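K.L.:
coordinates for the following, if possible.
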Amino acid sequence: MSTRPPAPGAGAGVAAADAEAVAAQIGRRPRGLRRVAHRCPCGLPDVVETAPRLEDGTPFPTLYYATCPRLTSRIGRLEAEGLMREQTERLADDPDLAARYAAAHAAYLADRDAIEPLGTDTSAGGMPERVKCLHVHVAHTLARGAGVNPVGDETLERLDDWWHAGPCVPPAGGSPTD
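P.N.:
Residues are numbered from 1 along each chain as shown. Predicted structure coming up:
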């Protein structure tokens, strides 16, 4: 079981150092970056909020995006182990889980539509019918806090403390620890 990272923290806009850290984390310049939606206990962004439309007007329905490579790697392992399939199967058998997952879908759409409505019921991560991308669900949980997305909550609880080794990208002029 993981020790849950601190509650969501952000502010309007993105500092240049944060944008540079995100670029180093994902290996490219981030698109549609609006704000840091959650910070890793090491201090770097680990989830960002993206605009519903990219700079060129292309719809981008993934509002919360996990950026820390250690976090995303650990989530990927859970996907490879079949957690998405297991959770999707449980949606069919557990009406309470299905209802809470549908509420997570509605909350995700409300967050995104408050920024800019895309005119679509498509949220992210397969919501509300199936579990498609655990990265989206963990990002949603980290950005909004526990209790909003049951799939994100459950997945986050299965992760180890990805931040324990220190920053995933180097501070200016340094090298990351692993």
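
K.L.:
ok, Arg28 to Ala124 distance?
P.N.:
To Ala124, Arg28 is 20 Å away according to CB to CB, to the nearest Å. Just so you know, the C-beta spots here come from the backbone N, C-alpha and C atoms, and that holds for glycine as well.

K.L.:
between the two, which is the more surrounded one?
P.N.:
Taking neighbours as other CB atoms under 10 Å, Arg28 and Ala124 compare with Ala124 leading, 22 against 9.

K.L.:
ok, the more buried one - contacts?
P.N.:
61-64, 108, 133, 136, 140 (CB atoms under 8 Å, 6 or more residues apart in numbering).

K.L.:
ok, which stretches of this structure are strands?
P.N.:
In the chain, strands defined by DSSP state E lie at 33-39, 45-50, 64-66, listed in chain order.

K.L.:
mind naming the longest helix for the chain?
P.N.:
Longest helix in the chain, counting residues (DSSP state H): helix 95-115.

K.L.:
which residues are contacting it?
P.N.:
Helix 95-115 is contacted by residues 34, 51-52, 61, 63-64, 90-92, 118, 121, 123-124, 127-128, 137, 140, 144, 148-152 when judged by CB under 8 Å, 6+ apart.

K.L.:
show me the shaky parts of the chain.
P.N.:
1-12, 171-178 (pLDDT under 70).

K.L.:
which parts of it are helices?
P.N.:
16-26, 69-80, 83-93, 95-115, 134-144, 150-158.

K.L.:
of all those helices, which lies closest to Val169?
P.N.:
Nearest to Val169, of all the helices of the chain, is helix 16-26, at 4.0 Å by CB to CB.

K.L.:
tally of neighbours for Pro61?
P.N.:
Pro61: 17 surrounding residues under other CB under 10 Å.

K.L.:
what is the neighbour count of Glu49?
P.N.:
When neighbours are counted by other CB under 10 Å, Glu49 comes out with 23.

K.L.:
His140 against Pro150, yeah?
P.N.:
No: counting by CB atoms under 8 Å, His140 does not reach Pro150; the two are 10.4 Å apart.

K.L.:
so the two - more neighbours on which side?
P.N.:
Remark: of His140 and Pro150, His140 carries more neighbours, 31 against 23, as counted by other CB under 10 Å.
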